[in-house]
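Undergrad: Dropping the sequence and predicted coords here.
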Amino acid sequence: MENTVTIIDNRTGKQYTFTDTHDTIRAMDLRNIKVAPDDFGMMSYDPAFMNTASCESRITFIDGDKGILRYRGYDIADLAERCSFPQVAYLVIHGELPDAEQEREWLAALRIHMGIFENIKKFMEGFRYDAHPMGMLVSTLAALSTFYPDSRHVRDHETQMHCIRRIIGKIPIIAAYGYRHSKGLDYISPEPKLGYAENFMHMLWDRSPLEHLKHPVLARALDVLFILHIDHEQNCSTNAMRAVGSSEADPFLSIAGAAAALAGPLHGGANEEVLKMLDEIGSIDNIPAFIQGVKEGHHKLMGFGHRVYKNYDPRARIIKRTAEEVFEVTGRNKKIDLAMELERIALADEYFVSRKLYPNVDFYSGIIYEAMGLEAKMFTVLFAIPRAVGWLAQWQELINDPAQKIARPRQIYTGYERRKLPDSYTYGAPSEESLAYTR
């Protein structure tokens, strides 16, 4: 039979035939494989979801072997070259690129939500002077849930869209205010007439020593970086967004969960680790010794390799070109030459080529952010601003998918069988021994 997979259970000799859909079989079908009628049935075991599809999605396509990334069918290079971030955000949310009228309405809708309550400003002022901007972002996103109780109606389409516009409009403001707070600077109100990236830079740097960085070339570079980070299929934070959202938690709480997942150094903090690595290497002369140390397990080659890509990350190529445009304005970051030489040597080495370790999006992005005057602790926040669009698109897809239910993975229990409590354990007054311990 076509489009079927046959499995023979060698324990019983029974044969099972399952339908193959998109090169997958449904995990629940495995439950039919039993030794005895009262068995639970077979499960698949997949730590970290290395080979498990948890959903169907129309948003992002990745072919890691060929180095392909597309949003809604459009190649990432074409979108980064010819579109603005709000246009691509509209595409990811709505499924199609906007025409002129749709773009005007979309931008107007985002501008309406470019503001936050005074209570939220006071909430953010309550953070310590040295609070990490990412922790501030996560906490403030969750706090917004209390200001918009209508967001609980997650099944209502109009409510969904209203929340999506709210979050996309507000997240750069929260991010900028977190940055200003960490610097001891007054908050700068958004300027809706500016473009999305320009407005963010305005809120970051207006009336500060870095005001000169409000440059159109840098704004366009940030726009491109935002486009590259919008979505990336079912990564850790997107999976968190879907898992939290599957309980029908409102989108503010769900996106706070996603941002918390992004905050981890293995996810959103990788570009900061690249800068630390380059600082450790120090100079081009030290690269061969560092490479040897990587091979011997003494160092890690940060910014190389990816769970999905077994080819050059297409986003890394675009960022590499963008870096040169940024340096025309800011002056050349010396780390770029070190990074490029490290890449050249690594890609000529059979050790890395045979393992399909190529530069990913994190290898160059941190160098650009640093050249633009942004500190490493802001890098993950800069990741979260555009990724909010992808999280929200994935959340809406989840909510409207009738096949989805509350997330609840199975486990393989490997603990004790049933044990009996010792006779000495009885409910009542604490023993003398325990009282002596507490004294």
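TA: Sure, I can see it. Remember, it's a predicted structure, so these values are computed and weren't measured experimentally.
Undergrad: Break the chain down into its structural domains.
TA: 4-45, 57-401 (automatic domain parsing).
Undergrad: end to end, how far does the last one reach?
TA: Same thing as domain 57-401. Start and end residues of domain 57-401 are separated by 10 Å (Cα to Cα, to the nearest Å).
Undergrad: again, but for stretch 229-248
TA: In stretch 229-248, first residue to last residue: 26 Å (Cα to Cα).
Undergrad: Check which residues of it are buried.
TA: Under the neighbour-count criterion of 16 or more other Cβ atoms under 10 Å, stretch 229-248 has 229-246 buried. To be clear about C-beta, it is placed using only N, CA and C from the backbone, and glycine gets the same treatment.
Undergrad: In helices, which of those fall?
TA: Using DSSP state H, 236-245 are the members of those that sit in helices.
Undergrad: one step back: would you mind finding the most buried of the domains of the chain?
TA: domain 57-401 (a mean of 19; mean count of other Cβ atoms under 10 Å).
Undergrad: How far does the top helix by length along the chain sit from its chain's centre?
TA: When the chain is parsed with DSSP H, its longest helix is helix 157-183. Centroid separation for helix 157-183 versus its chain: 16 Å, with Cα atoms, centre = their mean, to the nearest Å.
Undergrad: Which strands or helices does that helix pack on?
TA: If contacts are counted by 3 or more Cβ pairs under 8 Å, 6 or more residues apart in numbering; DSSP states H and E, helix 157-183 sits against helix 100-112, helix 118-125, helix 133-144, helix 196-205, helix 251-262, helix 379-399.
Undergrad: okay, the third one in PDB with CA atoms only?
TA: Output for helix 133-144, consisting of C-alpha atoms alone and laid out as PDB, is shown next (Å, rounded to 0.1, in the frame of the first residue of the first chain):
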ATOM      1  CA  PRO A 133      16.700  44.200  30.900                       C
ATOM      2  CA  MET A 134      15.500  40.700  29.900                       C
ATOM      3  CA  GLY A 135      14.100  40.000  33.400                       C
ATOM      4  CA  MET A 136      12.300  43.400  33.300                       C
ATOM      5  CA  LEU A 137      10.800  42.600  29.900                       C
ATOM      6  CA  VAL A 138       9.500  39.200  31.000                       C
ATOM      7  CA  SER A 139       8.000  40.600  34.200                       C
ATOM      8  CA  THR A 140       6.400  43.600  32.500                       C
ATOM      9  CA  LEU A 141       4.900  41.500  29.700                       C
ATOM     10  CA  ALA A 142       3.200  39.300  32.300                       C
ATOM     11  CA  ALA A 143       2.100  42.400  34.200                       C
ATOM     12  CA  LEU A 144       0.300  43.700  31.200                       C
END
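Undergrad: Show the contacting residues for His232.
TA: Counting by Cβ atoms under 8 Å, 6 or more residues apart in numbering, His232 touches 60, 62, 69, 238, 308, 390.
Undergrad: what's the answer for Tyr369, then?
TA: 271, 378-379, 382.
Undergrad: Model confidence for it, exactly?
TA: If you check Tyr369, the pLDDT there is 91.
Undergrad: got the angle between the host helix or strand of it and helix 379-399?
TA: Using DSSP states H and E, Tyr369 sits within helix 362-371. With axes from the mean of the first three to the mean of the last three Cα atoms, to 10 degrees defining the directions, helix 362-371 sits at 130 degrees from helix 379-399.
Undergrad: List just the nearest of the ones in helices among the buried residues of stretch 229-248 to Leu357.
TA: Closest to Leu357 out of those is Cys236 (20.0 Å), distances taken as Cβ to Cβ.
Undergrad: ok, the closest one touching Gly268?
TA: No. Using Cβ atoms under 8 Å, Cys236 is not in contact with Gly268; the gap is 9.1 Å.
Undergrad: what is in contact with those two at once?
TA: With contacts defined as Cβ under 8 Å, 6+ apart, the residues shared by Cys236 and Gly268 are Leu262.
Undergrad: if we can go back for a sec, looking at the longest helix of the chain now, give me its mean pLDDT.
TA: Helix 157-183 shows a mean pLDDT of 96.
Undergrad: for stretch 259-275, how far is the first residue from the last?
TA: This stretch, stretch 259-275, spans 22 Å end to end (Cα to Cα).
Undergrad: Return, as residue ranges, the portions of the stretch 201-350 of the chain with sub-threshold pLDDT.
TA: Along the stretch 201-350 of the chain, no part satisfies pLDDT under 70.
Undergrad: Ok, the stretch 1-150 of the chain next?
TA: The model of the stretch 1-150 of the chain has pLDDT under 70 over residues 1.
Undergrad: ranges for the strands of it?
TA: For the stretch 1-150 of the chain, the strands defined by DSSP state E, counting those that start in this stretch occupy 4-8, 15-19, 60-63, 68-71, 74-75.
Undergrad: Quick one: closest of those to Lys170.
TA: strand 68-71 (22.5 Å).
Undergrad: and that closest one, what other elements does it pack with?
TA: strand 60-63, helix 76-82, helix 85-94, helix 314-330.
Undergrad: one more time with 6 Å, if that's ok
TA: Strand 68-71 is packed against strand 60-63, with contacts defined by 3 or more Cβ pairs under 6 Å, 6 or more residues apart in numbering; DSSP states H and E.
Undergrad: Could you check how far the strand it packs on is from the centre of its chain?
TA: Chain-centre distance of strand 60-63: 15 Å, with Cα atoms, centre = their mean.
Undergrad: Give me the helices and strands touching that strand, please.
TA: Secondary-structure packing of strand 60-63 (3+ Cβ pairs under 6 Å, 6+ apart): strand 68-71.
Undergrad: Please work out which residues outside the strand it packs on touch it.
TA: Contact with strand 68-71 is made by 60-62, 76, 92, 314, as judged by Cβ atoms under 6 Å, 6 or more residues apart in numbering.
Undergrad: try it again with 7 Å
TA: Identification of contacts with strand 68-71 by Cβ atoms under 7 Å, 6 or more residues apart in numbering yields 59-62, 76, 79, 88, 91-92, 230-231, 314-315.
Undergrad: Equivalent analysis for stretch 244-261, please.
TA: Residues outside stretch 244-261 that contact it (Cβ under 7 Å, 6+ apart) are 137-138, 141-142, 144-145, 148, 151-152, 154, 163, 167, 236-238, 240-241, 267, 384, 388, 391-392, 395, 398-399, 404-407.
Undergrad: How about stretch 15-24?
TA: Contacting residues not belonging to stretch 15-24 are listed as 1, 3-9, 25, 29, 32-33, 53 [Cβ under 7 Å, 6+ apart].
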